[in-house]
Every structure is written in C-alpha cells, then in structure tokens.
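Participant: here is my input, please return the structure:
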Amino acid sequence: MSTSLAQVVPSVSNLLRYGDGYQSFGSSSNKFQYFENLTNVRISFPKKINIGFRFLYDDPPEVGAPFRGLSKRFIEYRDNGFSVRVGNSSELYSHGLVLNLFENRGLAYDTWLDGIKTNYKYSNFNASLIAGTIDFRDSINIARHEKYKLRGGNLEYKIKKIGKVGASFISAEATIPQSVNNKIANVELPEIYFDINYNEFDFHFGWAQKWVNTPIDKNTSRGTGIYSSLSFAGENLGITIDYKNYKFDPQNPFLQNDETRTTKLLPFQNPPIVMKEHSYTLLTRALHHVDFNDEVGIQFDAIYTFNENLNFNLNFSLASSHNSYLYNNSTFSFTSSKALNLLPSTKINYSPYSEMFLEGEYYFDYETALRFGFARREKTLYNNFTGANGSHTIKSFVVPIQFQYQVTENLSSTLQYEFEAVNDNYNVGQENFNNHFITIITSLANKVTFALRYEHTNNNFDPSNRKDWLVGELGYRISGSNLVSFSYGRERGGQICSNGICRYILPFKGIKFSLQTNI
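Facilitator: Okay, here's the model as predicted:
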C-alpha cells in the first residue's frame, strides 16, 4: 500500500431502526410502522482534508417528515488554528442566545446550516464566520416548513488568568409560512458576553438583542435575552447559580401560541433552559415547557461530597412569565401589568413553575451502589380569560430509587423504582392519583442485556384509557460498539423535553428493533 493511501482513514457508522405496532390516543388506536436506516461516513485524507456524508432512508418515519437520500454532506480543511467547512455543519456561539445549531433526531429537530463555516485561532484570539441557509421543518407543534438565510460571526479574546470577552452578530432573512402565502422578516441579533475566572469562582454574563422587521406588516419589534451564571468549585463542594431573563418576544395571550408570527424566538436560537434535565423516567416527562419568548428564572445547583462513598446533589429552580394580563370583556383586549420583574414571581397570575430536587449516591463498595432522591414540582397555567378559578395547577412529588449490584465479574443487575404522587385540578373526578415505574436491567458478560420496564397508574382518567404498561427488551453486543436490540410491549408515552424542545410521544404497542454498527 502506498504512503498516500495509508493516510486515508475511513469510518462508517450505521443505525437501523424498525417498529411495527399501534399508536393510540384516547380510545382510538391506529396501525403504526416506521423504518429508518442512517449511514454516516467520514473519510480523513492527507493534507488535513476530511469529507463526510449521511445517507438516510426514513420512510415511514417514527417522527418528523419522510426522507430518502443524501441528507447531509461536507468537506473541511483543518491546519493549525485555521479551519473551513463547506456543506452541513452545527455551530454554537457562547451559550446559544443568538446561535445554537444542533440536531436531535428523537425530537425531529434539526437546525444544521447548509453553507460555509470558518474558524481562525491565533494566540488568545478566536474568530468564526458562517453563511448559508437553514431548511427547518417544525414537526414538534404542527407541520411547518420555515427557511432562513444566515450570515454572521463571532469574535472572542482570552485574557490570561482572568477570563475572556466576546461578541457575536447574526443577520438573517426568515421565511415564515402563514395560513395564506409566506411572510419575509429581516432579523438582526447582536450579542456581547464575558467570563471572569478567579480562584475557585467562575462568572459568565451574556446579553443579546433581537430586531425583527416585517416589511409587509410595516412592523418592527425588539426583544432581549440575558443569561448569567456564577459557579464555585471547592474541594468537596460545587455550587452553580444560573439566571435567565428571556424577553425575545413577549405577547398577550391572544398571540402567545401563534406559531405564524415572525417576531418569535427563531429555531437557530437555543439558550440555556436554567432547569435541571433528569435521567429518571417520571421526571423526564416535564411539567414545564420553557418559554424562551417570555420567561425569567433562576436555578441553584449544589454538589457536596461527604466522603469517597457518599455524595449529594441539591437543585432548585423557579421560573415565571414577566407580565400578568387582565382581560377586558367590553373591548375584547388585554391590559398588561408591565412589571419590571427582574426575578421570577410565585404569584399565580404569572404562571410560575418551581422544582426542588435532592439526590444522594452511596457506594457500599466497587460492586454495589444506591441512588435515592426526592423531587417536588408545581406548575400553574394561569387562565387570563377567567382568572384564578379557571387556572390549571399540577403538583407532583417524585421519589426515585436505584440499586446497582455486580453479582459476579460477568453478571450485574440494576433495579430502579420511581413513585409519583400527582395533584391535578384539571383531572376532573380524581384530582389525586399515583404513578409507579419499575425497571430491572440485567447484564451478562457485557454482551447480553435484558431489561423489563413496568408502569402503573391508579388514574381512572388517563388519556390512554389504560392503567398499566409493560415492555421487555433484549440487547446483544456483537463486538465493540456493534449492538442489536429487540423490544416488545406497551409504552405509555408522554411529553418529553431536551434543551427546551418538547414534544408529546403517543402511546405505542408493538415491536421495536435496532441494529447499530461501527466500522
């Protein structure tokens, strides 16, 4: 083999997923099948050149729109502190106030750029530029197809032993579908931010502004967003305090759910949610959907290591809207409180959400571990038309427990139990009910995995018209990262969220198969 050929390094990964069964909503049940085959190929050539592409056959899809063909491709060059990439790419400026391009296939959310991205680093200086288009298909709320033309850049300078300062700017032309035709909006998003590091303390502050001009409406709007964090890292204690103040597009209740408005937060923005993202199943079914257009909130997170065997995590978050509204029946309009609200409010008319979570982890030895936690959550959706009497309040108390035990060198087992007590004033006839979730996972020689998941509720008014769900799953590791898995049973579904992006998963009964290979 020649030297040049020896320097060509290919890598291929393939994911095959198949499901066949029934999706249900209430008393109705419909046949549902999906088939997905995703192949990612990356080839590294001499002279620091890489190319990559993705073949996707997603028809019928589990979520999102059907697709067959080449869904992503790129060619890039990297040399010392310089890189340029042409084709599809993701990107993040600071913490995402003005730009956070990412993909989440489980939520059918994709904002990757199709264009050019460059980056240059020299000493303490870093500069980035992007230009291209985003073909965004919003299948989370309703079927929508939005298009964006982006130009922008980021400058960042590191100050030795102190921190860094940075600035970003995005200019975009947005095409937003309406009930009839489309609307074109011109958007400008400037951002400034800085980090300060001092001994065990780290401080970040970022501020962004959003100008939107919609020529056909002869309308110009302005919004702002602030994200800040302060963290402390000691020998046995770590503390982080996060703050968000997102006013990118506050609207009265008539317009809050209008996805056709051009002034809303754009999909290529995705700032921090300032809430804890959980791994426990009952806690991943979020009560609260972050409103990036109009929300102020704080989060406190602390990790304390008592000794080498025991540690604790305490998390508290509180969020609310900025304004409250009063409906005038005679004029069919709203008046706003116009409150400053630099901090979240617990008053019911600001639709507050609060969560407190405490988790402990104890290692008896290298083979045995126990995790236990408590969570209390409360969400109010204030009814601006009828007032407090028509408002929706959900209170939830969750207790998760997980026990891991390695029986032998080749056999290990995990048992997880989650209990949830719910009070929901909209669940007419039974405001109080309980949910139970049990998971048993057994692994043999790091090759074979068997999992059993069972869920039960005593809610007589569950939307699925069921009280229990059972799923069995068998997995086999062929070699390395090559995995095959098969599952059968009923899945409850529910609202799931990631990075503030939420969607509702319909209950499913049937078989699922997946094969993951890497070369």
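Participant: buried residues in the longest strand along the chain?
Facilitator: Across the chain, the strand with the greatest residue count (assigned by DSSP state E) is strand 387-406. Of the residues in strand 387-406, 391, 393, 394, 395, 396, 398, 400, 402, 404, 406 count as buried by neighbour count, 16 or more other CB atoms under 10 Å. Heads up, the C-betas are built off the backbone N, CA and C, glycines and all.
Participant: could you do stretch 90-102 as well?
Facilitator: Those would be 91, 93, 94, 95, 96, 97, 98, 99, 100, 101, 102, for stretch 90-102 by 16+ other CB under 10 Å.
Participant: end to end on that stretch, go ahead and measure it.
Facilitator: Length of stretch 90-102, first residue to last, CA to CA, to the nearest Å: 5 Å.
Participant: so who does residue 406 touch?
Facilitator: 366, 367, 368, 412 (CB atoms under 8 Å, 6 or more residues apart in numbering).
Participant: chain neighbours aside, what residue packs nearest to the third one?
Facilitator: Once flanking residues are discounted, residue 368 sits nearest to residue 405: 5.1 Å by CB to CB, 6 or more residues apart in numbering.
Participant: and for the last one?
Facilitator: Across the structure, with CB to CB, 6+ apart as the measure, the residue nearest residue 412 apart from its sequence neighbours is residue 406 (4.3 Å).
Participant: distance of that neighbour relative to residue 393?
Facilitator: Distance, residue 406 to residue 393, using CB to CB, to the nearest Å: 44 Å.
Participant: using CSV, list the CA coordinates for stretch 470-487.
Facilitator: Coordinates of each C-alpha in stretch 470-487 appear next as CSV, following Å, rounded to 0.1, in the frame of the first residue of the first chain:
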residue,chain,number,x,y,z
LEU,A,470,-45.1,-3.4,30.2
VAL,A,471,-42.1,-3.6,27.9
GLY,A,472,-39.4,-6.2,27.6
GLU,A,473,-36.1,-5.6,25.8
LEU,A,474,-33.2,-7.8,24.8
GLY,A,475,-29.9,-6.5,23.7
TYR,A,476,-26.7,-8.1,22.4
ARG,A,477,-23.3,-6.5,21.9
ILE,A,478,-21.9,-8.2,18.8
SER,A,479,-18.5,-6.6,19.3
GLY,A,480,-17.2,-3.3,20.4
SER,A,481,-19.9,-0.7,19.7
ASN,A,482,-21.9,-3.0,17.4
LEU,A,483,-25.3,-3.6,19.1
VAL,A,484,-28.5,-5.2,18.3
SER,A,485,-31.7,-4.8,20.4
PHE,A,486,-35.3,-6.0,20.3
SER,A,487,-38.2,-4.9,22.4
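Participant: got a list of contacts for that stretch?
Facilitator: Here stretch 470-487 has contacts from 446-455, 488-491, 511-518, using CB under 8 Å, 6+ apart.
Participant: now residue 462: phi and psi?
Facilitator: In terms of degrees, to the nearest 10, the main-chain angles of residue 462 are phi -60, psi 140.
Participant: and the gap between it and residue 427?
Facilitator: 9 Å.
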